[in-house]
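>>> Build me a model:
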Amino acid sequence: MKHVKSKGKAGLRGSALLVALIAVMVLAALAAGLASYSGSVKRENEGERGSTRALYVAEAGLSLAIDSVRGGAVGQNTTQIVVGSEQAPMSFSGGGYWYQIEKQPDGTVTVTSTGEVAGVRQSTQAVLEATDDGIYHSALFAGNVSADPLYDMKFGGLGSQADVINGNVYSGRNVLIAGNAQINGMIRAAGAISGGSGDTGKTLPIPDIAAMNYPTTAHYNVNSLFASATYKSHSTLGGKAWQVAESSPAHIFRKNPSDRSSNTASTPKDDYFLEDPYETVSTSSTVLPANGTRITLAGHDGNPGSNASNKVYYIDGNLWIHNNNIFSFTLYNSGTDPVRATFVVRGNIYISDNILYQNATTGALALIAMKDPTTANTGNIYFGDPSFGTLERMDSFMYAENNFLDNNLSASGSARVTVNGNMTAGNQVRINRDFGNQHSKLTVNFDGRIASGAITLPGLPSTTPGEVDWNVVSWRTVAAP
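Below is the predicted model:
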């Protein structure tokens, strides 16, 4: 008989011990894994909290920087402001921040702020745009100082003849947009806006001309300089006129030319014509700087006399850019020294021919027409050739204390006019450009170089102090340094 030997209590205990040992090992492994996972989650949470806190600190710095800009920290000549640094951050909420404010060539301001908490960094950046829309921020500005309740700043035209304004617009009363006219900028009006959208009920300050005291503060009094003038003929410029020596700053003008008496007969004051008798006349009809008759300043670019660039010229009378033989005038120099000037006229300005910059980056001209309290209907700028309709382009910053008016922008006059600069009227822009089925197209390309501080011109009128508003046009996180 075969006997089977059964396991005893010792064998059972061994099996149970093995199972327990395996269980302990499994539990230990699970515990180690759980501890590792918990540590990883803890570190991740701590890192996330640090990153979030650093972002909050960076945004706090950014908000303070934006408040600084809105408080007037960025002036005309300001290019960069730095607050704090990586080595010496500004303390905030257990961390620190530092920021940088930079003015861009287009007039916008970029603000970048970096926050750091426990060695973790985050950076944020915002772009701000000035929206005061005063005279140096507007392509077209009409203050309507006469408080005319019926005034409309009008834009119109169909198809290729439709007006195009590339820049901001302000009217001291209403804005009326019809046809296919385009306003590529902000529209602001004290009254209503019809045919477009923008801010209404907005009042902006106008320049303080009286405070400028031009008869005393101008660099050159043209009338006084013409006390030594001689009466001479000029076969290509036309007729006989008063003119001064080439070394005089006033040599770029001729006074009361005899061949244009039909234009000047009705004006109550002396008439000065922008034309240089010491330069070769170009009769080209091509509207390009290279084809214009040159205007060269005294003492500039090797010319006789003292340097007359970047100066204010004051005329008690009328200024004409109009010649029977010339289509265009060019502010010229052969070198790199910028040609810049401000012409102030106590009377009216009549623009019949093209005025161009040879160098559109560095050249600049301001034309200012101020009222004469002793003479009616002054302080105006007139557009258009009274005889031939040759006006097509004006490169200049223009300010009329009174109005912008038209002079033969009719069916036989200029079909289109382009302004590269701006048009500012203390009162109104009243250019009648609709004649039957024809519309004389107006294009204004705003020149923002003065607004951005890229260039300066002497003697520009200041406005009554007003609040400059800065809009945040973008806000984003960027890579931290």
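
>>> for the stretch 201-350 of the chain, what are the low-confidence residue spans?
Applying pLDDT under 70 to the stretch 201-350 of the chain picks out no residues at all.

>>> how distant is stretch 277-293 from the center of its chain?
Relative to its chain's centre, stretch 277-293 lies at 29 Å (Cα atoms, centre = their mean, to the nearest Å).

>>> Need the contact partners of that stretch.
With Cβ atoms under 8 Å, 6 or more residues apart in numbering as the test, stretch 277-293 has contacts from 232, 234, 236-237, 243, 246, 251, 254, 275-276, 294-296, 323, 325-330, 332, 354, 356-358, 390, 392-393. For glycine as for every other residue, the C-beta is placed from the backbone atoms N, C-alpha and C.

>>> try it again with 6 Å
Residues outside stretch 277-293 that contact it (Cβ atoms under 6 Å, 6 or more residues apart in numbering) are 234, 236, 243, 246, 294, 325-330, 354, 356, 358, 392-393.

>>> cool, stretch 208-220 as well?
With Cβ under 6 Å, 6+ apart as the test, stretch 208-220 has contacts from 249, 311-314, 344, 370, 401, 461.

>>> between those, which is closest to residue 115?
Set against residue 115, the nearest of the contacts of stretch 208-220 by Cβ to Cβ is residue 461 (43.5 Å).

>>> My assumption is that the closest one lies in a strand; please confirm.
No. Counting by DSSP: H, G, I helix; E, B strand; the rest coil, residue 461 is not part of a strand but coil.

>>> Could you find the closest non-adjacent residue to it?
Distances taken as Cβ to Cβ, 6 or more residues apart in numbering put residue 207 closest to residue 461, at 3.5 Å, once the chain neighbours are dropped.

>>> And for the one you found, the neighbour number?
Using other Cβ atoms under 10 Å, residue 207 is surrounded by 23 other residues.

>>> do the same with residue 106
Using other Cβ under 10 Å, residue 106 has 11 neighbouring residues.

>>> repeat for residue 52
Close neighbours of residue 52, defined as other Cβ under 10 Å, add up to 13.

>>> Just say helix, strand or coil for it.
When states are read from three-state DSSP, the local structure at residue 52 comes out as helix.

>>> And residue 66, which helix or strand is it part of?
helix 9-70 (DSSP states H and E).

>>> Let me know the average pLDDT across that helix.
Mean pLDDT, helix 9-70: 68.

>>> Repeat that for stretch 356-370.
Stretch 356-370 shows a mean pLDDT of 96.

>>> before we move on, the earlier item: using a markdown table, lay out the contacts of stretch 208-220 together with neighbour count and distance to residue 152.
Shown next, in a markdown table, are the contacts of stretch 208-220 (neighbours: other Cβ atoms under 10 Å; distance: Cβ to Cβ, whole Å):
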| residue | neighbour count | distance to residue 152 |
| --- | --- | --- |
| 249 | 24 | 41 |
| 311 | 20 | 38 |
| 312 | 21 | 34 |
| 313 | 26 | 34 |
| 314 | 23 | 34 |
| 344 | 26 | 29 |
| 370 | 23 | 25 |
| 401 | 25 | 21 |
| 461 | 22 | 26 |
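
>>> Grab the two from those that are most spread out in space.
Using Cβ to Cβ, the pair of the contacts of stretch 208-220 lying farthest apart is 249 and 401, separated by 23.8 Å.

>>> The closest residue in space to residue 441 that isn't next to it in sequence: how many residues sit nearby?
With sequence-adjacent residues excluded and distances taken as Cβ to Cβ, 6+ apart, residue 441 is closest to residue 416, at 4.0 Å. Applying other Cβ under 10 Å, we find 18 residues neighbouring residue 416.

>>> what's the next secondary structure element after the helix holding residue 66?
The C-terminal neighbour of helix 9-70 among helices and strands, as given by DSSP H and E, is strand 80-83.

>>> Name the nearest residue to residue 139, sequence neighbours excluded.
Leaving aside its sequence neighbours, residue 139 sits nearest to residue 167 (Cβ to Cβ, 6+ apart; 2.8 Å).

>>> Just to check, that neighbour is in contact with residue 447?
No. Counting by Cβ atoms under 6 Å, residue 167 does not reach residue 447; the two are 8.6 Å apart.

>>> And residue 453, how far from residue 109?
Plainly put, residue 453 is 11 Å away from residue 109 if you go by Cβ to Cβ, to the nearest Å.

>>> swap in residue 200?
Here the criterion is Cβ to Cβ. By it, residue 200 lies 27 Å from residue 109.

>>> same question, residue 169
Distance, residue 169 to residue 109, using Cβ to Cβ: 23 Å.

>>> ok, so what distance separates residue 51 from residue 125?
Where residue 125 is concerned, residue 51 sits at a distance of 17 Å (Cβ to Cβ).

>>> ah, wrong one, I meant residue 88
Residue 88 is 21 Å from residue 125, where distance means Cβ to Cβ.

>>> the more surrounded of the two?
A side-by-side neighbour count of residue 88 and residue 125, using other Cβ under 10 Å, places residue 125 first with 19 against 9.

>>> any idea of the pLDDT on the more buried one?
For residue 125, pLDDT reads 94.

>>> So which residues of this protein form helices?
With DSSP state H as the criterion, the chain has helices at 9-70, 214-217, 222-225, 261-264, 449-452.

>>> can you list contacts of the last one?
The contact list for helix 449-452, computed with Cβ under 6 Å, 6+ apart, reads 107, 136-137, 455.

>>> if we take these, which one ends up nearest to residue 470?
residue 107 (10.8 Å).

>>> ok, now how distant is the residue lying closest to that closest one once chain neighbours are set aside from residue 289?
If the residues on either side of it in the chain are set aside, residue 107 comes closest to residue 452, at 3.7 Å by Cβ to Cβ, 6+ apart. According to Cβ to Cβ, residue 452 and residue 289 sit 23 Å apart.

>>> swap in residue 72?
Distance of residue 72 to residue 289, computed by Cβ to Cβ: 38 Å.

>>> Those two: who's more crowded?
residue 289 (19 against 10).

>>> do you know how far the more buried one is from residue 442?
Distance, residue 289 to residue 442, by Cβ to Cβ: 21 Å.

>>> what sits against residue 202?
Contacts for residue 202 (Cβ under 6 Å, 6+ apart) come out as residue 188.

>>> Residue 108 too?
127, 129.

>>> Run a quick neighbour tally on residue 478.
13.

>>> before we move on, what about residue 338?
The local packing of residue 338 (other Cβ under 10 Å) involves 17 other residues.

>>> With adjacent residues omitted, what lies nearest to it?
Leaving aside its chain neighbours, residue 338 sits nearest to residue 362 (3.8 Å; criterion: Cβ to Cβ, 6+ apart).

>>> Residue 347 now?
residue 318 (4.3 Å).
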